[in-house]
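pasting the structure only:
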DNA sequence: ACACGTGTTGGAACCGCTTGCGGTGGGAGC
DNA sequence: GCTCCCACCGCAAGCGGTTCCAACACGTGT
């Protein structure tokens, strides 16, 4: 169980014929250590296959080498992808990723109340959700850097996409195809980051305005996140006296839900009704869903890099402007001109 | 950046009017501590919002309060779900989850070579992948308990589902519907756990045998995991001189890929060809896919409970038999009798 | 030859917690 | 009423590093 007898810094020092203090400095590349001594210590360490004890190093004042990641729903593709990118960047810097789930309201409240990450990490990454005043204060009490990924948060360095722009790409596509009556299925997921209150929804309105089409608020329905939500939203839209000819869904999974409702109603997509989502979820390709792709994994990776830079003290003071990665329209088979066969 | 002054065990002890030693024992649930004292210390800790320093604890010989989780692909639904269940169980025991990605061959090799989790965790959980001899030895060198989730691994306590049984549920359903020529799209994902080499594939053969149908090996195609793989697999199956009338896909995403190929080929599902998967991925419901559901999150949770029990020394010695959770057939719209309209 | 600065190195004090060992006090046993 | 025992608790020694500070050895300026 205890494994092989541990080799300590003292062993190395003894072998190199120096004190522990000197050995520590030599290995730590500190100045004021004679080159010859440094070499001797290095060699001794090498021969002994010495590996410093992380706990001892940390206890003695160093960083923990860990960063906390707050994620609402690990099982959703978006978050998983973010997590993957983040993990890669952190691992590259030899940092461990400690996962904290803050999905439901209770979990979230529990996390911020108890702050289980306290004293255990050097930084925290908030994945795609906005923190309120109190939560912000609680995080501040951890005394470590915070960065946000998957959306932008005013108070922290963040990396995400411009939801408004993404929304415009989707809406403009629909409008360009000739649609005038366009519905929107927004999601109410509290956890989701809400940049400029709701970029995607505001894009719906802005695009219509720009096209000279008077927005009809009845065409915007808000549902819980997920396929079922999308299905319900679509049903509500179909229930309108004057249903839309195209629908912009907040994301791909919502869009897929909407499509199921359409299929069940005997409507054809895109012949009878066009549908577009956002994300470019792997299943979007499988289901031939037109969407606006966003580089999710890259957002996670970039956030990780930001954390690393911050830990190295390479970040300027103050909150830098949000880093926005590009999104792009991916044309597939669920959109077409209104009333047009294919 | 040092944040608020750290609260140490000494602070707690002082507030409770006892020595550091007693405080440590009280919080550590050691025997020989008066109940009243224990309560007082607990209260003091609570009031001060005390959190032990993992490094100090570990350095002094105690547990770290952390468990490493090895996950191949965090972004896949299956793993994300497993992760969620696991996190919940660990969190409940106040254990932190440190995530290590071991997806690609290089990452995996790097992990086992460097063993970044060394001395940093009290246990490790292997999510749905089989470890080979060397990896097994490396893990053993960590000197901590290991449990597997999402499949069973001979050498560790594990929780999963019986893939063979799940496969039988799918196959028997198809056979019961009257299909005789049934294809199978297996996946070659190295990471995926391979219980009794490949439960799902063996089920294909066993089911046919039991039904007195001679298995035709041409009907089994193996593809990389994922929708694209499924699509390719289906294409190969369609290319056969005598294509199947039904297909059993290794999992839902593969099944969805298969369906895309069918749609593009102008074939109707299930009228022309039935498709069934395994998992009951949320999108299965949306796409009306018939499948064999498995309780993924529960597997993660149970694995977490196993870890906790192990850490408490409540586990008997030796490797207990794998815990197998039940799977169940979920009838939806992608299967029907052969050549039968709906 | 003397005082002093510079570059190195060693001694030792922590960092925060666990635990072996010894000490204290009160109840049980006689 | 007086041992004796034992449940409880405190002291202090680490765990393996880092780092402040003092000590020391040389060179150099005068």
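In hand now; what should we look at? All figures in this text were calculated on a predicted structure; none of them were measured in a lab.

Check the contact between residue A:219 and residue A:179; I expect there is one.
No: the criterion here is C-beta atoms under 8 Å, and residue A:219 misses it with residue A:179 at 11.2 Å. Using the backbone N, CA and C atoms, a C-beta is placed for each residue, glycine as well.

Near chain B, which residues of the stretch 201-342 of chain A are found?
A:226-228, A:231, A:253, A:256-257, A:259-260, A:263, A:282-283, A:285-288, A:297 (C-beta under 8 Å from any C-beta of the partner chain).

So for stretch A:113-130, what gets flagged as buried?
With burial defined by 16 or more other C-beta atoms under 10 Å in any protein chain shown, the residues of stretch A:113-130 counted as buried are A:115-130.

from these, which is closest to DNA strand C?
Set against DNA strand C, the nearest of the buried residues of stretch A:113-130 by C-beta to the nearest atom of the strand is residue A:119 (8.4 Å).

re the thing from before, now a PyMOL select for only the buried ones of the residues of the stretch 201-342 of chain A next to chain B.
In PyMOL, this line selects whichever of those come out buried by 16+ other C-beta under 10 Å:
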select buried, chain A and resi 226+227+228+231+253+256+257+259+260+282+283+285+286+287+297
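
just checking, which of the residues of the stretch 201-342 of chain A next to chain B belong to helices?
Among these, the residues falling in helices (DSSP state H) are A:227-228, A:231, A:253, A:256-257, A:259-260, A:263, A:282-283, A:285-286, A:297.

per-residue pLDDT, the residue of chain A found nearest chain B?
Chain A approaches chain B most closely through residue A:143 (1.9 Å), counting by C-beta to the nearest C-beta. pLDDT, residue A:143: 84.

Residue A:92 too?
Model confidence at residue A:92, expressed as pLDDT, equals 92.

Phi first, then psi, for it.
phi -60, psi -30 (degrees, to the nearest 10).

List the residues that contact it.
A:304, A:308 (C-beta atoms under 8 Å, 6 or more residues apart in numbering or on different chains).

Of all the residues in stretch A:79-94, which ones are buried?
Result for stretch A:79-94 [16+ other C-beta under 10 Å]: buried residues A:79-91.

that older thread, of all the ones in helices among the residues of the stretch 201-342 of chain A next to chain B, which comes closest to DNA strand C?
Nearest to DNA strand C among those, with distances taken as C-beta to the nearest atom of the strand, is residue A:297, at 36.9 Å.

if we can go back for a sec, present the ones in helices among the residues of the stretch 201-342 of chain A next to chain B as CSV; the columns should include distance to residue A:237 and pLDDT.
As requested, those are exported to CSV (distance: C-beta to C-beta, whole Å; pLDDT from 0 to 100):
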residue, distance to residue A:237, pLDDT
A:227, 15, 94
A:228, 15, 94
A:231, 11, 96
A:253, 17, 95
A:256, 15, 95
A:257, 12, 96
A:259, 12, 96
A:260, 13, 94
A:263, 15, 92
A:282, 26, 93
A:283, 22, 90
A:285, 25, 92
A:286, 24, 90
A:297, 32, 97
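
Got the confidence number for the nearest residue to residue A:15 once chain neighbours are set aside?
Spatial nearest neighbour of residue A:15, chain neighbours left out: residue A:44 (4.1 Å); criterion: C-beta to C-beta, 6 or more residues apart in numbering or on different chains. pLDDT for residue A:44: 89.

In this structure residue A:44 contacts residue A:10, no?
No: Residue A:44 is not in contact with residue A:10 according to C-beta under 8 Å; the separation is 11.2 Å.

circling back to that earlier point, any shared contact partners between residue A:219 and residue A:179?
Contacts common to residue A:219 and residue A:179, judged by C-beta under 8 Å, 6+ apart, are residue A:244.

neighbour count winner among the two?
For residue A:219 and residue A:179, the more surrounded residue by other C-beta atoms under 10 Å in any protein chain shown is residue A:179, and the numbers stand at 25 against 20.

Now the phi/psi pair for that one, please.
The phi/psi pair for residue A:179 (degrees, to the nearest 10) is phi -70, psi 140.

What sits closest to it if chain neighbours are left out?
Nearest non-adjacent residue to residue A:179 (C-beta to C-beta, 6+ apart): residue A:246, at 4.0 Å.

cool, and residue A:125?
Spatial nearest neighbour of residue A:125, chain neighbours left out: residue A:69 (4.8 Å); criterion: C-beta to C-beta, 6+ apart.

Same question for residue A:42.
Leaving aside its sequence neighbours, residue A:42 sits nearest to residue A:26 (C-beta to C-beta, 6+ apart; 6.7 Å).

ditto for residue A:254
residue A:230 (3.5 Å).

which ones are touching the residue most central in space within chain A?
With distances taken as C-alpha atoms, centre = their mean, residue A:150 lies nearest the centre of chain A, 3.2 Å away. By C-beta under 8 Å, 6+ apart, residue A:150 lies in contact with A:78, A:79, A:82, A:127, A:128, A:160, A:193, A:296, A:299, A:300, A:303.

Can you check the pLDDT for it?
Confidence score, pLDDT, at residue A:150: 89.

For residue A:331, give its distance to DNA strand C.
Per C-beta to the nearest atom of the strand, to the nearest Å, residue A:331 is found 58 Å from DNA strand C.

Likewise for residue A:103?
Distance from residue A:103 to DNA strand C, by C-beta to the nearest atom of the strand: 29 Å.

for the stretch 1-150 of chain A, what spans make up the strands?
A:66-71, A:96-101, A:123-127, A:145-149 (DSSP state E, counting those that start in this stretch).

Which secondary structure elements does the helix or strand of chain A with the lowest mean pLDDT sit against?
Counting by mean pLDDT, DSSP states H and E, chain A has its least confident helix or strand at helix A:54-59, which shows a mean of 85. Using 3 or more C-beta pairs under 8 Å, 6 or more residues apart in numbering or on different chains; DSSP states H and E, the elements in contact with helix A:54-59 are helix B:54-59.

in the helix it packs on, what counts as buried?
B:54, B:55, B:57, B:58, B:59.

Name the nearest of the buried residues of stretch A:79-94 relative to residue A:134.
Checking those against residue A:134 by C-beta to C-beta gives residue A:79 as the nearest, at 23.1 Å.

from memory the closest one sits against residue A:127, does it?
Yes: with contact defined as C-beta under 8 Å, residue A:79 reaches residue A:127; the gap is 5.9 Å.

Find residues that contact each of the two.
With C-beta under 8 Å, 6+ apart, residue A:79 and residue A:127 have common neighbours A:71, A:72, A:150.

re the thing from before, for the contacts of residue A:150, point out the one with the lowest pLDDT.
residue A:193 (51).

Can you tell me how far the residue nearest to residue A:179 is from DNA strand D?
61 Å.

Now do the contacts for that residue.
With C-beta under 8 Å, 6+ apart, residue A:246 has these contacts: A:174, A:177, A:179, A:181, A:182, A:183, A:273, A:274, A:275, A:276, A:335, A:338.

got a winner among the residues you listed for most neighbours?
residue A:276 (30 neighbours).

That residue falls within a strand, correct?
Yes: read with DSSP: H, G, I helix; E, B strand; the rest coil, residue A:276 is one of the residues of a strand.
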